[in-house]
Each structure stands twice: as structure tokens, then as C-alpha cells.
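Visitor: Structural data only, the sequence is not supplied:
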């Protein structure tokens, strides 16, 4: 692969990061294309933040190579990697005004005062912070602080943006709005975004590509559609999608010693099929979710349109799955068969 | 009405609850303070008995006296030596020990150890170091060749070096206290702020001045106030190392030494001693208020 004209592409080759005996990141290889919006998704402790910090230069990899553009950056200081980072806590300087916060990356680079004030004003303009430039971060709402952190990240126009769960501290409504704004910002800046989250909704709605991580390794890399439609493992199948994919015991839906998975929208209550007991009925307004217990280890959720007649709690039902929406997984490894 | 009568009924209970601490406060703070203020306008015989009032003018006389003004100036110099140097050293050591390196716990223990050392022990230790004939420094040939004052007349006996020498022993003795406070302050600075500044390209000094110092400023203010008030109240060092001397310059006769010191000029006059003590109290009160007001505006207490 040629990197020459792709300044902001990132390539990780066999990257590991061990903390003592803990393998936070274990032999991960990943290509992030120039101007990609790459999501590192996984539960807490899966190594996604460590991987991001390795790209930013805050962690030295125990093994492997980190490439940004056509340069191997293992021994390059963060400031020379052309990356900026947005933290979950925003890490704003409480004693500096919003303007001084945004200017800070330019100030440390010795940009002169009028030039950096101009750049800060532009960044503030993009993020709608112009009225707040004189304030201290303490006088801003959570959403505004988050924007200041973003403005500080964009002010020096880096090639790569590393974002570590930047929306986690916002309330649900603001989070949904900011998701769309971040996507718009990505289009506008034309830079590479690497975005860490444990929220699969953020991953599905924002990323061009998703890397699903678990226990320090990448389970699957693909577009949101790939990952949803063809999960590479039981773990990915159950991590992506709310509610998660139903997994049926081997031999219940179809004969054979493999597991069968099906999304709740493809699982139905029928007059014959896999026997189950209704454990819980949840009325969500626009739909009804029926949680059924198949056996001690397997549950399945069925989505019904609002207003449908639902079985009572504790009643016995039969479940079926659409023929062409079945996902088959190896019972030992959990990996996808077809 | 119901509320008012209920409040009235609760007054005895309130006093009963406050009683123990009120008793302690009155016995050990308010009564002695009042007594000292009263004694400050009296004159007594050598045994400290048969006191009689000579009028509140005694306070003004003390303020106007050369001895008081000299002692106050020595005290100010002592504070100006010990507070900035002590603070800078404490911050420096704390910042060094804040790095996550192997064996740092050992150094933290060492650096904070002087907090467990009493003034008497610290002063004796420094006496063994500084003593002009048998002291450790006096027996380092090359050192006293460069600085003959170490042996003749001795750092503690030369009017030019005595205050500095006492100051150094005091800085050393207070270093553990400063170190612990600043270390605690540093641990309150979020790691992500340093990381963010680091990714943005800020070097060590930039991060120290732009992130660390502003965020530990409340700790620094508190430490400065406490160190200043300790410097103004320092007594053991002067008593053990120099006895307020060398004479005749009285180079280390601070206000506290003037009050208690065994070779103080007013050692036999309870009234004058009380007057100086009350004046020291007033000065310290004003100084602390000034420090909180002056620096308070520049201190950041978080969002």
C-alpha cells in the first residue's frame, strides 16, 4: 500500500500493549484509511482506549508498529504526530478562559498572539462558542464544555483526531444532537477520526467503519452494516444492536451442532417451534418487546408492533426464526459459520 | 409563636451541647488572650508578682522601641528567607516525587520524614553540623578553606550568616510539611489535563506553569500562609542555635525570642513580654488576612 498521498492514514501492525501480566492490547493490526471515521467499539476493559492512546502517543506499544501517513511513529512524540485528542472529561483548563483554552495548542507552538486569537475565533465560530469566549469553563454547561474541547482539538488543524468517549458525560438528548454534529464536523474538516466508544448506537450512526474489540483483540472490522448484518462472532452479534441478537441452543431451530442467531425483528411467536416461557413484556410505546426464556442459559426477545395482542407473563409460547435471516455460529469458538 | 417558643426551649440544650468545646475555648484561648492583653498594660516585679497598670500607652511605647522594631525586622527577614525557599524546594521535591517511577515511595518517605522531627531535634542536628570547632562542616577542610567563616567565628556566630544558618535549619525542618501538602495538591490535578497539554505539544516547563501551578494554587496559598505564620512564631531554632545572638547585633532576636528568650532584654518584665506577644498576634492576624486577600484573587479553587 502506498501512503505517500494519504497523509492521515493510520496503520497498526501487530501492536501490543501489556501492563505487567495484563494484555490490554494483544497483537492488533488495523488499517484506518485517510479521512476515515473509524470507531473502536467494545465493552470497558477491552483495550480500545489503550489502542487509541497508543495512536496518540500517550502509551508506548510493548510490541508492533504504529504508522501515521508514511511515517513510523513509535518513537515520535505526540506533538510531532499531527494528532489531537479529545478526552471524556474534556480536560479543559479551569483557570483559563474559553478563548485561552482554545488557543493553548497554538500558544505552545509559539504562534503569535493575533494569529492564534484569529484561529481560536474561527474554531469557536464553527462550534457556536463565539458568545462564550470570555467565560471560564466552570461557567459553561456540559455540552458547551464538550464543544470547547472540540474547538481546542480542531484549532491547529491536525490530520488525525483521537476521541476517547467524548459524549459519555452528556445527557441522552444532547448526546444524540452532538452525534450528528460530530459527523458534520468530520465532513467539514476532512480529517481522519478515530473514535472510542462503548455505545453501539454511536458506533452505528457515526462511523464509516467499526472495529469491535474484546479482551485486547479485534473481533471484527467492517462497515456498520457489515457488522450488524454479518457479525463475525456471537460476541459481536450480541454487542451490536438493541436489543441484542437472540442466540438459540444448538439443535433447537435447525438440526446440527451449531448455534443459531437471529435479530429480535426476525424472531416470531408462532404456533409451533422452539418452546419458551414469557418472562417479561415491555411496552415501549412504538413497539412491544417480549422477553422469553428458552432454557437456563438462553433468552430470546421478540419485537411486536404496538397494539398487538401479547401473551401473558409466564405463558408458554413457541418461537420461530425467518429462514433467510439466520446467523450460524460454531458452538466451540463462537465464530460465524454462515 | 410556636416556632419562637420552641427555639427558646432549645437554648439550654444548645448550651449543653456546646458546653464542652466552649469550656475548652474559654479556658485555653479566650481567657489567656484576654489576660495577655490586660497584662500588656501592666508592670510587674521580677518574680512576676505585684502587677499594676501603667496604662495602655505601654503598647505604643513597645511599638516605638528600637528593640521591638529590630526584632520585627529580623522576623520579617527570617520569613523572607524561609518561606520562598522552603516553598520552592517543597514544590520542586513534590513535583520530582510525583513521577511514577520505581522506588519513588522510598523517596517520598525520606522527603516527608522531617514532619516527624521536632524543632529541638532538628536544631540539635544542625548544631552538630554547624558548630565551628567540632561540627561536621568545620571538619571538611576544603569547604572551610573556601568559606573561612565556617570555622572562624562559625556560621552561627557571625552576624552576617547567623540568620541564614538558622533559616536553613528551619527550612529543612519544615520541608516535610510543605512536601506532603504539595504532593497532596499534585494528586488532585487530573492526569488527563497533563496528557491533553502533552499531546498539544507542551513541554515539561509549559505544563508546569500552565497546568500544575494554577491547579495547585489553593495549596500553595495555604502553605504560604502556614509557613509565614510558622516563621513568625519560630522560636526553638533561635533558642537552641544562637540564643538570639550573636551579640551585640542580636542578629537572630526575632519577636518570639524577644518574648521568651533567656537572653532577651525584657526577660524579667512580664508586662512588656505580654505586650509584645499581643502585638505579634495582631501582626499575624493582619498578615494572614492580607495574604488571603492579595493572592486569593489569583487562586483557582476549581469549577
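Guide: Great, that's in hand. Given the structure is predicted, the values throughout are model-derived calculations rather than measurements. Numbers count the residues shown, from 1 in each chain, chains lettered A, B, ... in the order given.
Visitor: CA only for contacts and neighbour counts going forward, please
Guide: Fine.
Visitor: Can you give me the pLDDT of residue B:9?
Guide: Predicted confidence (pLDDT) for residue B:9: 85.
Visitor: Residue numbers of chain A in contact with chain B?
Guide: A:56-58, A:78-80, A:83-87, A:89, A:91-95, A:104-105, A:108-109, A:137-139 (C-alpha under 8 Å from any C-alpha of the partner chain).
Visitor: Of those, which belong to strands?
Guide: A:83-86 (DSSP state E).
Visitor: so what pLDDT did residue 175 get?
Guide: No chain specified, so I'll use chain A. 87.
Visitor: my question was about chain B
Guide: Value for residue B:175, per-residue pLDDT: 91.
Visitor: Any idea how many residues pack against the closest residue in space to it that isn't next to it in sequence?
Guide: Distances taken as C-alpha to C-alpha, 6 or more residues apart in numbering or on different chains place residue B:90 nearest to residue B:175, at 5.8 Å, with adjacent residues excluded. As a burial measure, residue B:90 scores 27 neighbours (other C-alpha atoms under 10 Å in any protein chain shown).
Visitor: contacting residues for residue B:90?
Guide: B:175-176, B:178-179, B:182 (C-alpha atoms under 8 Å, 6 or more residues apart in numbering or on different chains).
Visitor: Could you tell me which of those residues count as buried?
Guide: B:175-176, B:178-179, B:182 (16 or more other C-alpha atoms under 10 Å in any protein chain shown).
Visitor: mind listing the helices for the stretch 1-150 of chain A?
Guide: A:48-56, A:98-108, A:113-126, A:142-154 (DSSP state H, counting those that start in this stretch).
Visitor: Provide the contact partners of the longest one at residue level.
Guide: It refers to helix A:113-126. Applying C-alpha under 8 Å, 6+ apart, the set of residues contacting helix A:113-126 is A:99, A:102-103, A:106-107, A:130, A:133, A:148, A:151-152, A:154-155.
Visitor: if we go to 7 Å?
Guide: A:99, A:102-103, A:106, A:130, A:151, A:154-155 (C-alpha atoms under 7 Å, 6 or more residues apart in numbering or on different chains).
Visitor: same check, this time on the last one
Guide: Applying C-alpha under 7 Å, 6+ apart, the contact partners of helix A:142-154 are A:84-86, A:90, A:92, A:98, A:101-103, A:123-124, A:127, A:137, A:170, A:174.
Visitor: what about 8 Å?
Guide: A:84-87, A:90-92, A:98, A:101-105, A:120, A:123-124, A:126-127, A:129, A:137, A:161, A:166-167, A:169-170, A:174.
Visitor: Which positions in that helix come out as buried?
Guide: A:142-154.
Visitor: now swap in stretch B:86-98 and tell me
Guide: B:86-87, B:89-91, B:93-95, B:97-98.
Visitor: nearest to residue A:332, of these?
Guide: residue B:98 (47.9 Å; C-alpha to C-alpha).
Visitor: one step back: which of the contacts of helix A:113-126 sit farthest apart?
Guide: So, the contacts of helix A:113-126 by C-alpha to C-alpha: farthest apart are A:106 and A:130, at 18.2 Å.
Visitor: out of the two, which sits in the more crowded spot?
Guide: residue A:106 (24 against 16).
Visitor: what does the model give the more buried one for pLDDT?
Guide: pLDDT for residue A:106: 91.
Visitor: again, but for residue B:205
Guide: Note on residue B:205: pLDDT of 89.
Visitor: for the one 10 residues further on, same thing?
Guide: If you check residue B:215, the pLDDT there is 90.
Visitor: list the contacts for the residue of the stretch 201-338 of chain A found nearest chain B?
Guide: In the stretch 201-338 of chain A, no residue comes nearer to chain B than residue A:216, which is 22.2 Å away by C-alpha to the nearest C-alpha. With contacts defined as C-alpha under 8 Å, 6+ apart, residue A:216 is in contact with A:23-26, A:28, A:46-48.
Visitor: now residue A:303
Guide: Per C-alpha under 8 Å, 6+ apart, neighbours of residue A:303: A:264-265, A:267-268, A:287-290.
Visitor: If any of the residues you listed are buried, put those into a ChimeraX selection.
Guide: In ChimeraX syntax, the buried subset of the contacts of residue A:303 is picked out as below (16+ other C-alpha under 10 Å):
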select /A:264,265,267,268,288,289,290
